[in-house]
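**Student:** For reference, the sequence and a predicted model appear below.
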Amino acid sequence: LLLDVDTGIDDSLALLYACASDDAELVAVTCVSGNVALPDVERSTRAVLELAGRSDVEVALGRPVPLVRPLDIAPETHGPQGIGYAQLPQPRTPASTRFGPDLIVEEARRRPGEITLVTLGPVTNLALAVLREPGLPRLLRRWVLMGGAYRTPGNTSPTTEWNVHCDPEALKVCLAAWSAAGIVGDVPRPLALGLDVTERAKLTPEHLMALARRAGSEPDASRDESAGSVARNPVVRYLADALRFYMEFHSRFDGFYGAFIHDPLAVAAALDPGLVRTEALAVDVELGGTLTTGQTVADWRRHWNRPPNVDVAVEADSDRFLERFVERVGGLAAARADVAI
Ligand code: BDR
Ligand code: CA
């Protein structure tokens, strides 16, 4: 797996899920601005990997702004540094000297056909990578993206999902590159997990309690943790503090005390595509709308007569995913119980 992130609370959970997955080799992580600005994304990404005991994973900075639009960030959703109320020590390992998009190209060339790239933020870095190496779709095993809202309302504007909203031109570039490569060779279509499925992945306080239990960190429900988690396990403490912020946000804007964990579902589906049911569709992105710029438009009724270019996830086995999330990240937390952080 190669992850491209805009960490982000749910990105950080996706990083932990990848680190906790024996069926994944985490090759590297590239950072893009999105939920917060690039320096915060990079710092939090390295800090979370260190929390997971994976300071060996290379973390590279990508482009600090979208291709053509001004940068928009969402600290009200993810906290000032992208990790909610959590505080992690300054990471000890330095960031890579490679530029994120170059890293994507170089790793794909080094291991042709092996790497699944999962983009969890705006696809700015991938657009730069594919402009540099148009053969990238053939060099990757697959591209899996968290992005778009296909048959469901947006979470950023009435019709747009955050990752695509931030850099729709980048998505246009990537879709064009994949379509062009698909005509020439046998390239798998990108797998897109939009809000249609990721908003089914609802993590609740009960899941968090189960995860703490799996980690051997028995939660004490009578304790007031509103000023910060008192859990001794550093991973459980991190999750409690990051998720308290995210759950408060969802309770204000989405009507439930819990959190959509979009990005971990994308990583889980990249590792096990059986978690989602997909439909092959012609998909494009609106760039010049007066109300809808950034909308992912899917041709459900084949009006365009274009070949399908994206496998859009239309259903997800969210119960199985959430169980797996609790089991894997809880297992990682158990292994990190005695680490002083
Ligand atoms: C996406 O936007 C970000 O806020 C999340 O990290 C996720 O990648 C959901 O729309
Ligand atoms: Ca994200």
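**Tutor:** All right, it came through fine. Ligands and ions are numbered 1, 2, ... in the order given.
**Student:** Stretch 80-94 spans what distance, first to last residue?
**Tutor:** 22 Å (C-alpha to C-alpha, to the nearest Å).
**Student:** what about that stretch, distance to the chain center?
**Tutor:** 17 Å (C-alpha atoms, centre = their mean, to the nearest Å).
**Student:** Check stretch 37-51 too.
**Tutor:** For stretch 37-51, the distance to the chain centre is 14 Å (C-alpha atoms, centre = their mean).
**Student:** Can you list the buried residues in that stretch?
**Tutor:** 37-38, 40-51 (16 or more other C-beta atoms under 10 Å). The way it works is simple: take the backbone N, C-alpha and C, and place the C-beta from them, glycine included.
**Student:** same question, stretch 316-327
**Tutor:** Applying 16+ other C-beta under 10 Å to stretch 316-327 flags 316, 317, 318, 321, 322, 324, 325, 326 as buried.
**Student:** since we're on residue 238, how many residues are nearby?
**Tutor:** 27 (other C-beta atoms under 10 Å).
**Student:** Ok, residue 274 next?
**Tutor:** Around residue 274 there are 9 residues (other C-beta under 10 Å).
**Student:** Roughly how far does residue 23 sit from residue 272?
**Tutor:** 8 Å (C-beta to C-beta, to the nearest Å).
**Student:** who has more neighbours, those two?
**Tutor:** Between residue 23 and residue 272, residue 272 has the larger neighbour count (other C-beta under 10 Å), namely 15 against 8.
**Student:** Please read off the pLDDT at residue 229 from the model.
**Tutor:** For residue 229, the pLDDT comes out at 89.
**Student:** that's a helix at residue 169, yeah?
**Tutor:** Yes - counting by DSSP: H, G, I helix; E, B strand; the rest coil, one finds residue 169 located in a helix.
**Student:** and it, how far is that from residue 128?
**Tutor:** For residue 169, the distance to residue 128 - C-beta to C-beta - is 12 Å.
**Student:** more neighbours, these two?
**Tutor:** Neighbour comparison, residue 169 and residue 128: the larger count goes to residue 128, with 22 against 19 (by other C-beta under 10 Å).
**Student:** and the gap between the more buried one and residue 104?
**Tutor:** 9 Å.
**Student:** Now, the buried residues of stretch 316-327 that are in helices?
**Tutor:** Here DSSP state H is the test, and those give 318, 321, 322, 324, 325, 326 as lying in helices.
**Student:** Get me the contact residues on the stretch 201-341 of the chain for ligand 1.
**Tutor:** Within the stretch 201-341 of the chain, the positions adjacent to ligand 1 are 262, 263 by C-beta under 6 Å from any ligand atom.
**Student:** and the stretch 201-341 of the chain, which of its residues are near ligand 2?
**Tutor:** Taking C-beta under 5 Å from the ion, the part of the stretch 201-341 of the chain that reaches ligand 2 is made up of residue 263.
**Student:** Skipping adjacent residues, who's closest to the residue in the stretch 201-341 of the chain positioned nearest to ligand 2 in space?
**Tutor:** Closest contact between the stretch 201-341 of the chain and ligand 2, by C-beta to the ion, is at residue 263 (4.9 Å). Of all residues not flanking residue 263 in the chain, residue 14 sits nearest, at 3.8 Å (C-beta to C-beta, 6 or more residues apart in numbering).
**Student:** got the contact list for that neighbour?
**Tutor:** For residue 14, the contact set (C-beta atoms under 8 Å, 6 or more residues apart in numbering) comprises 3, 5, 118, 120, 261, 263, 264, 266, 267.
**Student:** Return the helix or strand in the chain with minimum mean pLDDT.
**Tutor:** helix 168-184 (a mean of 92; mean pLDDT, DSSP states H and E).
**Student:** Can you give me the buried ones in it?
**Tutor:** Buried, per 16+ other C-beta under 10 Å, within helix 168-184: 168-175, 177-179, 181-182.
**Student:** So which elements touch that helix?
**Tutor:** Judged by 3 or more C-beta pairs under 8 Å, 6 or more residues apart in numbering; DSSP states H and E, helix 168-184 is in contact with helix 124-132, helix 136-139, strand 283-285.
**Student:** Could you identify which of those is most buried?
**Tutor:** Comparing the helices and strands packed on helix 168-184 by mean neighbour count (mean count of other C-beta atoms under 10 Å), helix 124-132 ranks first with a mean of 24.
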